[in-house]
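Engineer: A predicted structure for the sequence below; I have some questions about it.
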Amino acid sequence: MNDNHNANASGASHATVKSYLTGFVLSVILTAIPFALVMTHAASAAILIPAVIAVGIVQIGVHLVYFLHMNRSSSQLWNNAAFAFAVIVVGILVIGSLWIMYHLNMNMMPGMMPVD
């Protein structure tokens, strides 16, 4: 079991104050980095957008581990499966919505419509 968690008799794990503080500090740092990059105009938008997205993905991981206590233990199997299913469903919704909007935009462009 992880050294940051204590297990009770029912198998549920509870985080320590140290674990919550570590998660909080990491979250603050991962919020400050993209904020500082954008506010100081440290790079072009072509570099800043992927950097902010990458830091956001890392921050999601920090929240899952330190605040939602998701890990690879066998007791977390159903939680991890439900999370994976939710990620797949959200991915399908987002990608499908972008695909539909792109094709609607292409079909509604003035020069693309046939003239009768």
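Structural biologist: Right, received. Where do you want to start?

Engineer: Walk me through the domains of this protein.
Structural biologist: Structurally, the chain divides into domains by automatic domain parsing as follows: 1-71, 75-116.

Engineer: Rounded mean pLDDT for stretch 46-58, please.
Structural biologist: The average pLDDT within stretch 46-58 is 95.

Engineer: Over to stretch 104-116?
Structural biologist: The average pLDDT for stretch 104-116 rounds to 71.

Engineer: highest average neighbour count across the domains of the chain?
Structural biologist: Comparing the domains of the chain by mean neighbour count (mean count of other C-beta atoms under 10 Å), domain 1-71 comes out on top with a mean of 13. To be clear about C-beta, it is placed using only N, CA and C from the backbone, and glycine gets the same treatment.

Engineer: which residues are in contact with the host helix or strand of residue 18?
Structural biologist: Element membership of residue 18 [criterion: DSSP states H and E] is helix 17-39. Residues from elsewhere that reach helix 17-39 (C-beta atoms under 8 Å, 6 or more residues apart in numbering): 4-5, 42-43, 48, 51-52, 55-56, 58-59, 62-63, 65-67.
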